[in-house]
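K.L.:
What shape does this take:
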Amino acid sequence: MVPLFISFQFVDFVDIFLVAFLMYEVYKLIRGTAGMNVFLGIIAFYVIWLIVRALHMEMLTRIMGQFISIGGLALVILFQSEIRSFLTMIGNRYLHSQSRKYLPKVFRINHTVIPPESIEEICDAIFSMAKTQTGALIVISTRKETLTPFVQTGEIIDARISSALLQNIFYKNTPLHDGAVLIVGKKIIAAKCVLPMTKRTELPMGYGMRHRSALGMSEDTDSLVLIVSEQTGGISYCQRGEIYPVEDKETLVKIINQNQDTI
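P.N.:
Sure thing, here's the model as predicted:
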């Protein structure tokens, strides 16, 4: 006898919730990128295969089935950057400092805290450059290992953080003004560094190369990226692939402090 109702247990609810959560996170990663069109194409291909199989079209079913059988490998190849960003996001967002202390010592990552006086110097420089509409791009991390690959693309500075030095680096037409400054702890590690560009295509027209580089860096690492727009003097920051405006110095100080507590 066929049961009138499908058995639905708590485990089924958890299963559906986790699948929906993973799909939502994947959607957030690929929305606005070329990968979104590829993802929709894969879904359309799979739906067509289901229809062809239901109609018992044996030859077409076998041909399409061969493509689907290697679909996992194809997805890894096509979405390798998105998969890397997704795994990085999980590690950064859901394994905060409070949970990392319970990990075995070999897996722990030492953080370099930015002292309050250095945060003040950074914020003073940011708002001074905003007044003069001096474009700036500053990457802040508590882990030097995070920035090592990008240090090699610029000029080594290894100097104490100061507002005057940051403003001098980004002053128009100076040799180091084009590119990003990398900061770890109380040191400016390097300047004129090249950052990865975001692959997102649906961005506001006002976003220039600095904003796109900042988004790309925040997508690939757990760094906090600060931007001063050369066109408007507007201040914003990027974190986890999202960009937010900053209105005042107190807010920026709070954001930098929070960044140290959560990564």
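
K.L.:
what about stretch 229-239, how long is it end to end?
P.N.:
17 Å (CA to CA, to the nearest Å).

K.L.:
Show me what counts as buried in it.
P.N.:
Within stretch 229-239, the residues that count as buried by 16 or more other CB atoms under 10 Å are 229, 230, 234, 235, 236, 237, 238, 239. For glycine as for every other residue, the C-beta is placed from the backbone atoms N, C-alpha and C.

K.L.:
Just send these back as TSV, with distance to residue 190 too.
P.N.:
As requested, these are exported to TSV (distance: CB to CB, whole Å):
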residue	distance to residue 190
229	22
230	21
234	25
235	22
236	22
237	20
238	19
239	21
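
K.L.:
These: which two are farthest apart?
P.N.:
230 and 239 (21.4 Å; CB to CB).

K.L.:
Measure how buried residue 168 is and give me the count.
P.N.:
If you count neighbours by other CB atoms under 10 Å, residue 168 ends up with 13.

K.L.:
show me the contacts for it.
P.N.:
residue 174 (CB atoms under 8 Å, 6 or more residues apart in numbering).

K.L.:
what about the one helix or strand it maps to, average pLDDT?
P.N.:
Assessed by DSSP states H and E, residue 168 sits inside helix 163-170. Helix 163-170 carries an average pLDDT of 94.

K.L.:
ok now the next helix or strand along the chain from that helix, how far from the chain's centre?
P.N.:
For helix 163-170, the succeeding helix or strand toward the C-terminus, using DSSP H and E, is strand 180-184. From the chain centre to the centre of strand 180-184 is a distance of 16 Å (CA atoms, centre = their mean, to the nearest Å).

K.L.:
Show residues contacting strand 180-184.
P.N.:
Defining contact as CB under 8 Å, 6+ apart, one finds that strand 180-184 is touched by 112, 114, 122, 136-144, 147, 150-151, 154, 157, 161, 166, 169-170, 188-195, 213, 217, 225.

K.L.:
List only buried entries from those.
P.N.:
Among the contacts of strand 180-184, the ones that count as buried by 16+ other CB under 10 Å are 114, 122, 136-143, 147, 150-151, 154, 157, 161, 166, 169-170, 188-193, 195, 213, 217, 225.

K.L.:
Mind splitting this structure into its structural domains?
P.N.:
What the record gives for the chain is the domain set 10-107, 116-262, from automatic domain parsing.

K.L.:
and stretch 231-247, how far apart are its ends?
P.N.:
Start-to-end, stretch 231-247 (CA to CA) is 17 Å.

K.L.:
Off-centre distance for that stretch?
P.N.:
On the basis of CA atoms, centre = their mean, stretch 231-247 sits 14 Å off its chain's mean C-alpha point.
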